[in-house]
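>>> Any chance you can model this:
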Amino acid sequence: MLPEEVRQLESIVIQTLQEIDTTFQVTVGAADQRGAKDSGDIDPIITKPDANLKFIRMAVLDPVVPALSAKDFLKAALGRTNKDAGMK
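As a prediction, the model looks like this:
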């Protein structure tokens, strides 16, 4: 995946989060940022000022993940977060 494609995917994640709550912030990491020529995926880091981990986890797992799936953005679920433990 080229850096331009990473930015396009980042835009989709940001737009989807903003539809849920405009105060979410997203930083996307990908292999190209570590010097690789291409990347097969992106790693979004989602934050929200003054929100605790439980709130962010519920806000992302419940509405955002299904919304991204409905947009055919998510292709596979390789890891699932345990809502109670906060772990994959």
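
>>> Quick check: L61 is in a helix.
Yes. Counting by DSSP: H, G, I helix; E, B strand; the rest coil, L61 falls inside a helix.

>>> distance of it from K54?
Distance, L61 to K54, using Cβ to Cβ, to the nearest Å: 11 Å. Where C-beta positions appear, they are placed from N, C-alpha and C, glycine not excepted.

>>> Look up phi and psi at T23.
Dihedral pair for T23: phi -90, psi 0, per degrees, to the nearest 10.

>>> Could you check how far the closest residue to it other than its chain neighbours is from V28?
If the residues on either side of it in the chain are set aside, T23 comes closest to K48, at 5.5 Å by Cβ to Cβ, 6 or more residues apart in numbering. For K48, the distance to V28 equals 16 Å [Cβ to Cβ].

>>> got it, and L17?
Applying Cβ to Cβ, the value for L17 to V28 is 11 Å.

>>> Pick out whichever of the two has more residues nearby.
L17 (23 against 17; other Cβ atoms under 10 Å).

>>> who touches the more buried one in this structure?
24, 26, 46, 60, 64 (Cβ atoms under 8 Å, 6 or more residues apart in numbering).

>>> Helix, strand, or coil at it?
The three-state assignment at L17 reads helix, by three-state DSSP.

>>> confidence score at it?
pLDDT, L17: 89.

>>> With T47 instead?
Looking at T47, its pLDDT reads 88.

>>> swap in A85?
What the model reports as pLDDT for A85 is 56.
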